[in-house]
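# here is a sequence with its predicted model. Questions after.
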Amino acid sequence: MSNDRSWRARSRGWLAAIALLAALAGALLVGSPAGLQLPNPDHSAVSQLRSAIAGIPANGTVLVAFDPDIGTYPEIRFAVRAVIDDLISRRARLAIVSYTPEGRALALAEIARLVDGGTPAGRVLDLGFRTGAEAALVTSVASIVPDSASGALADALRSRGGGLRAFDLALIVAGVDLGPRSWVEQVGTRVPGLPLVAVAPTSLRPELEPYRASGQLDGLLGTLRDDAAYAASVEPGGAHRPPASLAILVGMLAALAVLLQVGSRNIQARVRRAFDRRERW
Amino acid sequence: MPRRLAWPFIAAVVGLLLLADYLVANSSLDAIAAAISETIVLLAAAAAITGAISLVVRHAGDLVRGTGNRAGSVALLIGLGVMLVAGFRPGSSGAGDPSVRWVVGALLVPLAASVFALLFFFTLAATRRGLLLRGRETGVMLAAAAVALLLLLPLGGSLGESLAGAAGWVLAVPVGAVFRGLLLGVAILTAVAAARLLFGMDALDE
């Protein structure tokens, strides 16, 4: 009897999961219908980042510190790609480096995307992975171009000292392991002339907002709304769009439904217990 | 010097040298600080390689003894082998080789993303179980989660604008305050722990 009940409960759970999966898949196919969007009343983050990027000289060099983590990268991926493509369209030259192993894995995938997308080879330089976390950041101030790096961009960076001072801007693609806070602490103080901008998942925003407000970060995209507004501002209706609003809505409503269902069951149980107690009295 | 003071002494000297280099522009100090930083980087690299070797030894040992999760050990060793072959085979250009990029871009990243995508379902199941256990703390945490979900609903129009404004305020003010309070607390505790270590204090001294 109890086996039968547990089997039924388990199959109900599976059915619910499959139904949710199907609903999410359908919502992804539908996309973002009118009326469902990510409004962003505060455009200051977007304009700050755009003006920092506009300050790069023609053929300027940008260091992309690519250290997101696999868990939160899907949240910021479209914004990161929008910023990188914006930089390339402004004829900036990108050097990509990673200080975390996960960041390196994701950087390789992004470099492959850029190469496959036809970005000229001289515009992107792979600086590889540097072990040692914050100690590696400190050593990068003096030297970041590996001996094995070759090409016009590597030579240009070497001619400007080969360290972080050789760059016109540093774009930090952040994860939870090594983020913009470490950059401000370790690099911002040693190379004050290097503008730092960051794209970070929402979970890092409370930690990073004071750095943006104080100007230690020259630009920060730290919420899905900011990310969507930036992508729309550089390439309206372009390739890099935020996740489908309908899928986000379906997921959120499913989560709210679970919370309400179990919460109401708990409240019912409490009320029933209170009545029982009163009857016993 | 007592043995228990030797490591704190080394840590203090290294810390003071790095601090002095940070504050004073001096080429000799620069050179010493650079050498220390390089040593730390090398230590980190050595730790990573040692960790990888230890992982291989552990899982190979599990397979030989027939203990542990054999399927997991086989998958780990094959994955490690594939990556090493792609990067070290004759003619490969190392980490930037197209085959390494393919293994990472076409296998590793999608697999990891799929595992993380499952988090949504697991979190929902864990939420349900947590609430069924009727923990008061779970209830408070999930009520806050429900409010956050409502504020982040992707709705257009004036309702969506109001929700977005409220979400921004919640993130900047209450969440920001709690977060910064935690960071300050962690920083103070770290400073206290570092001072105790430098002075060679432990629980027996109290």
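All right, it came through fine.

# low-confidence bits of chain B, can you list those?
Filtered on pLDDT under 70, chain B yields the residue ranges B:1-4, B:134-135, B:202-206.

# in the helix ranked longest in it, what counts as buried?
Longest helix of chain B, by residue count under DSSP state H: helix B:27-65. With burial defined by 16 or more other C-beta atoms under 10 Å in any protein chain shown, the residues of helix B:27-65 counted as buried are B:29, B:32-34, B:36-37, B:40-41, B:44, B:59, B:62. Yep, even glycine has a C-beta here, placed from its N, CA and C like the rest.

# cool, stretch A:180-196 as well?
Neighbour-count burial for stretch A:180-196 [16+ other C-beta under 10 Å]: A:180-184, A:186-188, A:190-191, A:194-196.

# count the neighbours of residue 154 for me.
In the absence of a named chain, this looks at chain A. 20 (other C-beta atoms under 10 Å in any protein chain shown).

# that's the other chain; I wanted chain B
By the criterion of other C-beta under 10 Å, residue B:154 has 25 neighbours.

# residues in contact with the residue nearest to it when sequence neighbours are not counted?
In this structure, residue B:154 finds its nearest non-sequential neighbour in residue A:245, 4.1 Å apart by C-beta to C-beta, 6 or more residues apart in numbering or on different chains. By C-beta atoms under 8 Å, 6 or more residues apart in numbering or on different chains, the contact set of residue A:245 is A:31-33, A:36-38, B:154.

# helices along the stretch 101-250 of chain A, start to end?
In the stretch 101-250 of chain A, the segments counted as helices under DSSP state H, counting those that start in this stretch are A:101-116, A:133-142, A:152-159, A:180-183, A:205-213, A:224-234, A:245-280.

# could you export the buried residues of stretch A:180-196 as JSON lines, including distance to chain B and pLDDT?
Below are the buried residues of stretch A:180-196 laid out as JSON lines (distance: C-beta to the nearest C-beta, whole Å; pLDDT from 0 to 100):
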{"residue": "A:180", "distance to chain B": "14", "pLDDT": "94"}
{"residue": "A:181", "distance to chain B": "9", "pLDDT": "92"}
{"residue": "A:182", "distance to chain B": "13", "pLDDT": "93"}
{"residue": "A:183", "distance to chain B": "16", "pLDDT": "95"}
{"residue": "A:184", "distance to chain B": "13", "pLDDT": "94"}
{"residue": "A:186", "distance to chain B": "10", "pLDDT": "91"}
{"residue": "A:187", "distance to chain B": "12", "pLDDT": "94"}
{"residue": "A:188", "distance to chain B": "13", "pLDDT": "93"}
{"residue": "A:190", "distance to chain B": "8", "pLDDT": "90"}
{"residue": "A:191", "distance to chain B": "13", "pLDDT": "93"}
{"residue": "A:194", "distance to chain B": "17", "pLDDT": "96"}
{"residue": "A:195", "distance to chain B": "21", "pLDDT": "96"}
{"residue": "A:196", "distance to chain B": "18", "pLDDT": "97"}
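
# pull the number of nearby residues for residue A:274.
Residue neighbour count, defined by other C-beta under 10 Å, stands at 10 for residue A:274.

# need the contact list for it.
Per C-beta under 8 Å, 6+ apart, neighbours of residue A:274: none.

# how close does it sit to residue A:51?
For residue A:274, the distance to residue A:51 (C-beta to C-beta, to the nearest Å) stands at 60 Å.

# if you look at the longest helix of chain B, does any of it touch chain A?
Yes - interface with chain A: helix B:27-65 contributes B:34, B:37-38, B:40-45, B:48 (C-beta under 8 Å from any C-beta of the partner chain).

# hang on, the earlier thing: name the nearest of the buried residues of stretch A:180-196 relative to residue B:68.
residue A:182 (36.1 Å; C-beta to C-beta).

# from the buried residues of helix B:27-65, which two are the most distant?
So, the buried residues of helix B:27-65 by C-beta to C-beta: farthest apart are B:29 and B:62, at 49.1 Å.

# residue A:65 in helix, strand or coil?
Three-state assignment for residue A:65 (DSSP: H, G, I helix; E, B strand; the rest coil): strand.

# that one and residue A:180 touch, don't they?
No - using C-beta atoms under 8 Å, residue A:65 is not in contact with residue A:180, being 9.0 Å away.

# that older thread, of the contacts of residue A:245, select the buried ones using a PyMOL command.
Selection of buried members from these for PyMOL, criterion 16+ other C-beta under 10 Å:
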select buried, (chain A and resi 32+36+37+38) or (chain B and resi 154)
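
# what residues does the stretch 51-200 of chain A put near chain B?
Counting by C-beta under 8 Å from any C-beta, the residues of the stretch 51-200 of chain A close to chain B are A:70-71, A:73-74, A:101, A:104-106, A:108-109, A:111-113, A:126, A:128-133, A:135-136, A:138-139, A:142, A:189.

# for residue B:5, grab the count of nearby residues.
For residue B:5, using other C-beta under 10 Å, the count is 13.

# hang on, it packs against residue B:197?
No - at 10.3 Å, residue B:5 does not count as touching residue B:197 under the criterion of C-beta under 8 Å.

# any common contacting residues for those two?
Joint contacts of residue B:5 and residue B:197 (C-beta under 8 Å, 6+ apart) do not exist.

# for residue B:182, give its distance to residue B:188.
For residue B:182 relative to residue B:188 (C-beta to C-beta), the value is 11 Å.

# ok so, going back, just the buried residues of the residues of the stretch 51-200 of chain A next to chain B.
For these, a neighbour count by 16+ other C-beta under 10 Å gives the buried set as A:70-71, A:73, A:104-106, A:108-109, A:111-112, A:126, A:128-133, A:135-136, A:138-139.

# for the residue of the stretch 101-250 of chain A found nearest chain B, give me its contacts.
In the stretch 101-250 of chain A, the residue that lies nearest chain B is residue A:132 (3.4 Å; C-beta to the nearest C-beta). Shown in contact with residue A:132 (C-beta under 8 Å, 6+ apart): A:99, A:139, B:37, B:40-45.

# can you check residue B:120 too?
Counting by C-beta under 8 Å, 6+ apart, the residues that residue B:120 touches are residue A:251.

# picking up where we left off before, can you say which of the helices of the stretch 101-250 of chain A is nearest to residue A:78?
Closest to residue A:78 of the helices of the stretch 101-250 of chain A is helix A:224-234 (C-beta to C-beta; 5.9 Å).

# brilliant, that's me finished.
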